[in-house]
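Participant: Any chance you can model this:
(2 chains)
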Protein chains: 2
Amino acid sequence: MEDPQALAALQDSVLHSPATILESLPKSVKRRVNALKQLQVRCAHTEAKFYEEVHELERKYASLYQPLFDKRRDVITGTVEPTDAECEWRSDHEEEEELSEELKKKACMEETKEAAPSEEDPKGIPEFWLTIFKNVDMLGDLLQEHDEPILKHLQDIKVKFSEPGQPMSFTLEFHFEPNSYFTNTVLTKVYKMKSEPDREDPFSFEGPEIIDCEGCEINWNKGKDVTVKTIKKKQKHKGRGTVRTITKTVPNDSFFNFFNPIKVAETEMDEDSEFTLAADFEIGHFFRERIVPRAVLYFTGEALEDDDSDHGEEGDEDDEGDYDPKVSFFSFT
Amino acid sequence: MEDPQALAALQDSVLHSPATILESLPKSVKRRVNALKQLQVRCAHTEAKFYEEVHELERKYASLYQPLFDKRRDVITGTVEPTDAECEWRSDHEEEEELSEELKKKACMEETKEAAPSEEDPKGIPEFWLTIFKNVDMLGDLLQEHDEPILKHLQDIKVKFSEPGQPMSFTLEFHFEPNSYFTNTVLTKVYKMKSEPDREDPFSFEGPEIIDCEGCEINWNKGKDVTVKTIKKKQKHKGRGTVRTITKTVPNDSFFNFFNPIKVAETEMDEDSEFTLAADFEIGHFFRERIVPRAVLYFTGEALEDDDSDHGEEGDEDDEGDYDPKVSFFSFT
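Facilitator: Next up, the predicted model:
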């Protein structure tokens, strides 16, 4: 506090902080503003209860979505072949009609070229989840080449909510078909949540937050663990002076590190760890809110367009239909 | 379609659009993806029902918040004087203790200066809502100097939800004390909402949207209508060639134009109107979601800080506590 400049800056920030603006009010008014703040804290606690009830609703709806998601899995894995009626889609005819004749011809030629290897008839929808991982930047960043053959065996991702009365949480379940990489059939990641205003800072409350997460042990088959790599190192024997080569196991970049996250509780975290953890929470949230509920749209890329336009630049749109003066109520980030 | 460059560009966008990526898949796989899309439409309709139930919950909670909001209004208007216990606030002592002694002394000096005109004892919290209008950029942009004396008479803003079974909507009620400007005691703005997937574009569904709004007539006292101004214009009589001065009434910028919005149904809208309407919907949404539920925090400025940090730059924060790896679930924009 000896540096006069630092003192001035601190003083300035104190004088213009909301606390000080309050200070400048007559005492009687300041008192009343404090009364409103007490009421506001009570509002925050009421809001917390609201979000708990929303969470109950989400649990209820999870069971309504589940049959649809199960059907999705069966189609993806090829367990079930959908009927012709189930495979009708308007774009099959309508959208094509919208193309000009000339364009259609050209596109058809290209299609024939690109569709050449389609003679074979694959089972289900091959590489469905891997394609999503590749399409979504947030996941693509984690994805390594050695992860790809493993993720071809991913058959389903499920979100399971905690039971009523239990602390609020959700679990991501990654279901794999039997494969040569590990013996697990399901890999899990639990995200623990909190839905109550902070005692110290009740006004920052904005609904449930992820506060911690927990991975699972992957039982890798021998030599298949992509989350580690072995490096060779020369070592000199102190006494004899002989040199020998030892192999050392070190961590390796991989999506599968997702199942071995940093522990929140463990001592103090540096900025890097906090950043990594925040990114992990974002990904868990994104799986739950976007990818699992609308996987096919991330497979085809349609959801990606939406996500982009959210961050939107309006650009030079002379097309009337593009600008839509609607306000969405629940925009989950 | 004669321009080969334009054709190439269009063709390119067609070839790389999700529709064309689908085209490149084997026919049997494409069929199955369409089946998933049908399932996805069913998910969207289930989601719509979820949001209707959330809306029911909001209605339920509105009645739990109401006593707190009524108390707030009574304190603001001075109808009720809160007790000492109701006016306790930690920052009164704790936060001050956190300041260094020296700083405290300086701040106190400043405080004495600034608090000089506090000798008088005003009723309630004067200019409570007007201060909020000034603090919030989105509203400040609408606010004109001639609106300010009128908004000093604003005593409360309420949100009322549509009754169960009615089309989804909410009404903003602006309650005024008797004043010399207009005879209304309440000005209203109704926002109509829709919570169902669009038939043509079901995948864009993200929850309830505002689709239309309706204002109210303001019964201005003579000469008090700030939404119009009179201009003088010279007019020449065609036959006689004499010149006379006429007064003409033209629209004037004012916050009170908020109660006379553009009609959605009326003919085709140009880009300007669509932009104006979208901005209006944003403001209605902001009143409902942020200002009404946490008015005191917009009065003190505390909520403004939060809104800012949402858009945050992390900056060069060496302060550990600043970076909080939590993910909020419901972030209403």
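Participant: tell me which element A:Trp159 falls in.
Facilitator: One correction, residue A:159 is Val, not Trp. Element membership of A:Val159, judged by DSSP states H and E, is strand A:154-161.
Participant: the inter-axis angle of the next helix or strand after that strand versus strand A:154-161?
Facilitator: Per DSSP H and E, strand A:154-161 leads on to strand A:169-176 as the next helix or strand towards the C-terminus. Going by axes from the mean of the first three to the mean of the last three Cα atoms, to 10 degrees, strand A:169-176 is angled at 170 degrees with respect to strand A:154-161.
Participant: Not counting its own residues, what contacts strand A:169-176?
Facilitator: Applying Cβ atoms under 8 Å, 6 or more residues apart in numbering or on different chains, the contact partners of strand A:169-176 are A:73, A:153-162, A:182, A:184-193, A:284, A:287-288, A:292. C-beta coordinates here come from the backbone N, C-alpha and C atoms, glycine included.
Participant: what does stretch A:78-85 give?
Facilitator: Stretch A:78-85 is contacted by residues A:71, A:73-75, A:123-125, B:31-32, B:35 when judged by Cβ under 8 Å, 6+ apart.
Participant: Using neighbour counts, trim those residues to the buried set.
Facilitator: Buried subset of the contacts of stretch A:78-85 (neighbour count, 16 or more other Cβ atoms under 10 Å in any protein chain shown): A:71, A:73-75, A:124-125, B:31-32, B:35.
Participant: Run through the helices of chain A in chain order.
Facilitator: In chain A, the helices defined using DSSP state H lie at A:4-15, A:18-23, A:27-77, A:94-98, A:101-114, A:128-135, A:137-140, A:148-151, A:271-286, A:295-300, A:302-310.
Participant: pLDDT of the first one, averaged?
Facilitator: It stands for helix A:4-15. Taken as a whole, helix A:4-15 carries a mean pLDDT of 60.
Participant: One more: the fourth one?
Facilitator: The average pLDDT for helix A:94-98 rounds to 49.
Participant: so where's the stretch 151-300 of chain A uncertain?
Facilitator: Scanning the stretch 151-300 of chain A for pLDDT under 70 picks out A:265-267.
Participant: which bits of it sit near chain B?
Facilitator: A:193, A:203-204, A:206-211, A:268, A:271, A:274-275, A:277-278, A:281-282, A:284-285, A:293-297, A:299-300 (Cβ under 8 Å from any Cβ of the partner chain).
Participant: Among the residues you listed, the buried ones, what's the PyMOL command?
Facilitator: In PyMOL syntax, the buried subset of those is picked out as below (16+ other Cβ under 10 Å):
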select buried, chain A and resi 193+203+204+206+207+208+209+210+211+274+277+278+281+284+285+293+294+295+296+297+299+300
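Participant: Any idea how many residues pack against A:Thr227?
Facilitator: 19 (other Cβ atoms under 10 Å in any protein chain shown).
Participant: tell me the contacts of it?
Facilitator: A:Thr227 neighbours (Cβ under 8 Å, 6+ apart): A:218, A:251-252, A:254, A:256-257, A:260.
Participant: swap in A:Val159?
Facilitator: By Cβ under 8 Å, 6+ apart, the neighbours of A:Val159 are A:62, A:170-173, A:287-288, A:292.
Participant: what's across from it in the sheet?
Facilitator: A:Leu172 (DSSP bridges).
Participant: pretty sure A:Ala35 is touching B:Glu88, no?
Facilitator: No - counting by Cβ atoms under 8 Å, A:Ala35 does not reach B:Glu88; the two are 9.1 Å apart.
Participant: tell me the pLDDT at A:Tyr51?
Facilitator: So, for A:Tyr51, pLDDT stands at 94.
Participant: now swap in A:Ala62 and tell me
Facilitator: Looking at A:Ala62, the pLDDT reads 96.
Participant: measure the closest residue to it other than its chain neighbours to A:Pro208 for me?
Facilitator: Leaving aside its chain neighbours, A:Ala62 sits nearest to A:Phe161 (5.8 Å; criterion: Cβ to Cβ, 6 or more residues apart in numbering or on different chains). As judged by Cβ to Cβ, to the nearest Å, A:Phe161 and A:Pro208 stand 11 Å apart.
Participant: Then A:Lys158?
Facilitator: The value you get for A:Lys158 to A:Pro208, if Cβ to Cβ is used, is 20 Å.
Participant: repeat for A:Lys236
Facilitator: Going from A:Lys236 to A:Pro208 by Cβ to Cβ gives 56 Å.
Participant: What is the nearest of the contacts of A:Val159 to chain B?
Facilitator: A:Arg288 (9.1 Å; Cβ to the nearest Cβ).
Participant: How about that closest one: what's its closest non-neighbour residue?
Facilitator: Per Cβ to Cβ, 6+ apart, closest to A:Arg288 is A:Val159, 5.1 Å.
Participant: what do you get for A:Glu47?
Facilitator: Counting by Cβ to Cβ, 6+ apart, the residue nearest A:Glu47 is A:Phe205, at 6.5 Å.
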